[in-house]
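>>> Fold the following.
(2 chains)
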Amino acid sequence: MKSTRFDFLLLLAGLMLLWQLVHWLVGPDVLSSPWATIRRAAELIATSTFRDHADATATAFGIAAVISIAGGIAIGLWLGLRRFAGDVADPILGTLYSIPKITLYPIILLIFGLGVSAKIAFGVIHGVFPIAIFTMNAVRNVAPVYHRTARVLRLTPLGAAVTIMAPAALPEILAGIRVGVALTLLGVLIGELFASTSGLGFALIRAMDVHAVTDIMAITLVLFVFAACVNALLRFVERRARHGG
Amino acid sequence: MTKVGTTRAALILSALAALELLCRVGIINRVTMIPPSEMIVSLWSILRNGRYNADIFFTLYNVIAATFLAVIGGFLAGAALHALPRLRRPLVPLLSAYYAIPTFVFYPLLIVAFGVGRTALIVMGAMFGVVAMIVNTTLGLDHVPPVVAKTGAILRLDAARQLLLIRLPSAAPHLVTGIKLAVAYSVIGIVAGEFILATEGVGKRIAYAYDNFDNRTMYGMLLLLLVGVMAVNGALSGWEKRLHRRFGQR
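Okay, here's the model as predicted:
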């Protein structure tokens, strides 16, 4: 464990060094230095405008993530438990997952208008399909011996679902949630970039318009650290579920 | 056709028919969406009179170039990472957070570096696609069964041949998954770049048509892009499935 942490710090130091070298190579108009970026990020975080934008993004992301997870699990469970419906839907879900949803921004804008609902919709269309696909596969891949065990123990369908199927499928479903939540954040940010007047995505597009390199880098850094922390947290929960049960 | 296939086709067709009906009756107004049949007509006329051929080939060329760079670069980086577990372990969480961030916010910086045009878009697409290829390459190499690797050693193949003749085919299903995702993400990177700032390209046309309330062109071009992506994705998915069956691994 200790050596893992050391390796991680080593990696961070290496990445910083690489970043600094690229900065020297291409100049400050293309890439701000790590130090300048971190300092700018700290300055930004202290301002109330930034916090308002961060609040707006966090709210939209939170709502979108809840809808993606609930919707994805509901769709995935239903399709996973019904073989035929699952077979019919499988390639359709795969296609919906892989189409570049950024191209749909004009449609989302026309339907929802500028604002928070457009961002949430964007987050959900990015996040819901991977969660549905992972959940469906998780339920389908539960070993047949578990189904037989449930029958032998004469469990009711609900009892079987709670005590046997859920723990067996949980790690896969959590992996799906991890992927889906990351893509939900991407979706919300894309929504803010193209279809919003608030949030960190909007702050980014403003910084892009005036070519404020350090601001672009600083906001992205903050977002990346946030995404990495959420990811690490979900990874931890997933590992507990995999080995704990 | 099998029962599953027939049901799926019926489901998709009835969804399209419902959409067509909603548009025709006016529940979905024309400003929001034109009926699917008119999208097809618009797409057909765009292809026939060749008005946007230059844009279509511009984007197509960029996507091919970006995917090529992402796949080659991602494979090499993934193979290197697989060989260096100490570097890989701490890097994995960062790689999986990569797709939570819209990397194309760096596009303006690429424009400063490369100017407005093809190069910045290709680099953008490759940057967005490469990580999917890296992740899937490492996963694919993880799944090479030890017995297959041992066979290579017994045959006394050198390292390059072992990689090319033994490990590569064995990891192929995951590599195709990587290619499939690299295509999808490269398209996203490039089209996003074209939305933000470009002089030509499919994304540029869509954004321009949107700004000018030209719904026919917008939906025609959108349909072209989506059908193109779905065709490539479908073909690669089919290949992926065949490889999975052939190498019989998870």
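>>> looking at chain B, which residue lies furthest from center?
B:Ile154 (38.7 Å; CA atoms, centre = their mean).
>>> Mind pulling up the pLDDT for it?
pLDDT recorded at B:Ile154 is 89.
>>> From B:Met124, how far off is it?
Distance, B:Ile154 to B:Met124, using CB to CB, to the nearest Å: 45 Å. Yep, even glycine has a C-beta here, placed from its N, CA and C like the rest.
>>> which residues sit in contact with the residue nearest to the spatial centre of chain B?
With distances taken as CA atoms, centre = their mean, the residue of chain B nearest its centroid is B:Ala184 (1.4 Å). Counting by CB atoms under 8 Å, 6 or more residues apart in numbering or on different chains, B:Ala184 touches A:98-100, B:129, B:132, B:229, B:233.
>>> just the buried members of the residues you listed?
Burial by neighbour count, 16 or more other CB atoms under 10 Å in any protein chain shown: within the contacts of B:Ala184 this picks out A:98-100, B:129, B:132, B:229, B:233.
>>> so how far is chain B from A:Ala195?
A:Ala195 is 11 Å from chain B, where distance means CB to the nearest CB, to the nearest Å.
>>> looking at chain B, which helix or strand does the model trust least?
helix B:159-161 (a mean of 82; mean pLDDT, DSSP states H and E).
>>> Any chance you could list what contacts it?
Outside of helix B:159-161, the residues within contact range by CB under 8 Å, 6+ apart are B:Gly152.
>>> Which pLDDT does the model give A:Gly245?
49.
>>> again, but for A:Pro144
For A:Pro144, the model assigns a pLDDT of 85.
>>> Centroid-nearest residue for chain A?
Closest residue to the average C-alpha location of chain A: A:Ala182 at 1.3 Å, with CA atoms, centre = their mean.
>>> Setting the sequence-adjacent residues aside, check what's closest to it.
B:Ala100 (3.9 Å; CB to CB, 6 or more residues apart in numbering or on different chains).
>>> Kindly report the same for B:Glu38.
Nearest one to B:Glu38, counting by CB to CB, 6+ apart, is B:Arg216 at 7.0 Å.
>>> roughly how far is the least confident helix or strand of chain B from the heart of the chain?
Relative to its parent chain, helix B:159-161 has a centroid offset of 30 Å by CA atoms, centre = their mean, to the nearest Å.
>>> What of stretch B:185-193?
The chain centroid and the centroid of stretch B:185-193 are separated by 9 Å, computed with CA atoms, centre = their mean.
>>> State the number of residues packed around A:Val145.
Number of residues near A:Val145 (other CB atoms under 10 Å in any protein chain shown) recorded here: 8.
>>> Could you name the helices and strands sitting against the helix or strand hosting it?
Using DSSP states H and E, A:Val145 sits in helix A:144-152. Contacts defined by 3 or more CB pairs under 8 Å, 6 or more residues apart in numbering or on different chains; DSSP states H and E place helix A:144-152 against helix A:157-160.
>>> The helix it packs on: what's the following helix or strand?
Where DSSP H and E defines the elements, the next helix or strand beyond helix A:157-160 is helix A:166-194.
>>> Let me see the ranges of the helices in chain B.
B:3-25, B:36-49, B:53-83, B:85-97, B:107-114, B:118-142, B:146-154, B:159-161, B:168-196, B:202-211, B:215-247 (DSSP state H).
>>> of all these, which lies closest to A:Gly191?
helix B:168-196 (12.5 Å; CB to CB).
>>> and the closest one with helix B:202-211, angle?
Between helix B:168-196 and helix B:202-211, the angle comes out at 30 degrees (axes from the mean of the first three to the mean of the last three CA atoms, to 10 degrees).
>>> what mean pLDDT does helix B:168-196 have?
90.
>>> how about it: buried residues?
Buried-residue list, helix B:168-196, by 16+ other CB under 10 Å: B:168, B:170-196.
>>> for stretch A:33-42, same thing?
A:33-34, A:37-38, A:40-41.
>>> before we move on, what about stretch A:199-214?
Here stretch A:199-214 shows A:199-205, A:207-208, A:212-214 as buried, counting by 16+ other CB under 10 Å.
>>> Can you give the distance of that stretch from its chain's centre?
22 Å.
>>> so, in contact with chain B or not, it?
Yes. Stretch A:199-214 lies within reach of chain B by CB under 8 Å from any CB of the partner chain, at A:201, A:204, A:208, A:211, A:213.
>>> Run through who's touching that stretch.
With CB under 8 Å, 6+ apart as the criterion, stretch A:199-214 contacts A:28-32, A:36-37, A:40, A:49-50, A:53-54, A:56-57, A:60, A:119, A:188-194, A:196, A:215-216, A:219-220, A:222-223, B:102, B:105, B:107-109, B:112, B:196.
>>> Among the residues you listed, name the buried ones.
With burial judged by 16+ other CB under 10 Å, the buried subset of these is A:30-32, A:37, A:40, A:50, A:53-54, A:56-57, A:60, A:119, A:188-194, A:196, A:215-216, A:219-220, A:222-223, B:102, B:105, B:107-109, B:112, B:196.
>>> for chain A, what spans make up the helices?
Under DSSP H, chain A gives helices at A:2-26, A:34-46, A:48-81, A:83-98, A:105-112, A:116-140, A:144-152, A:157-160, A:166-194, A:200-209, A:213-244.
>>> closest one to B:Leu139 among the ones you listed?
Judging the helices of chain A by CB to CB, what sits closest to B:Leu139 is helix A:166-194, at 12.7 Å.
>>> That closest one: how far from the chain's middle?
With CA atoms, centre = their mean, you get 4 Å for helix A:166-194.
>>> if I pick A:Leu155, what's in contact with it?
A:163-164 are the contacts of A:Leu155 under CB under 8 Å, 6+ apart.
>>> mind redoing it with 10 Å?
Residues counted as contacts of A:Leu155 (CB atoms under 10 Å, 6 or more residues apart in numbering or on different chains) are A:149, A:161-165.
>>> number of nearby residues for residue 111?
You didn't pick a chain, so chain A it is. Per other CB under 10 Å, the neighbour tally for A:Ile111 reads 14.
>>> not what I meant, chain B
Residues lying near B:Ile111 (other CB under 10 Å) number 22.
>>> how about the buried residues of stretch A:199-214, which pair is most distant?
A:Gly199 and A:Val213 (20.4 Å).
>>> Could I get the contacting residues of B:Leu163?
Per CB under 10 Å, 6+ apart, neighbours of B:Leu163: B:79, B:141, B:152, B:157, B:171.
>>> in chain B, what spans have low per-residue confidence?
Low-confidence segments of chain B, defined by pLDDT under 70, span residues B:1, B:248-250.
>>> Once you drop chain neighbours, what's closest to A:Leu10?
Per CB to CB, 6+ apart, closest to A:Leu10 is B:Pro90, 7.7 Å.
>>> isn't that neighbour right up against A:Ala228?
No. The pair B:Pro90 / A:Ala228 is not scored as a contact, 11.2 Å apart, by CB atoms under 10 Å.
>>> How far does stretch A:114-132 sit from its chain's centre?
11 Å.
>>> Name the residues of it that come out as buried.
In stretch A:114-132, counting by 16+ other CB under 10 Å, buried: A:116-132.
>>> near chain B too, which of those?
A:His126 (CB under 10 Å from any CB of the partner chain).
>>> what bits of chain A have low per-residue confidence?
For chain A, the ranges with pLDDT under 70 are A:1-2, A:244-245.
>>> okay, the buried ones among the contacts of B:Ala184 in CSV with distance to A:Leu155 next?
Putting these into CSV (distance: CB to CB, whole Å) gives the following:
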residue, distance to A:Leu155
A:Ser98, 38
A:Ile99, 41
A:Pro100, 44
B:Gly129, 47
B:Ala132, 41
B:Val229, 45
B:Asn233, 41
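>>> Looking at the residues you listed, spot the one nearest A:Ile67.
The closest of the buried ones among the contacts of B:Ala184, once distances to A:Ile67 are taken by CB to CB, is A:Ile99, at 19.4 Å.
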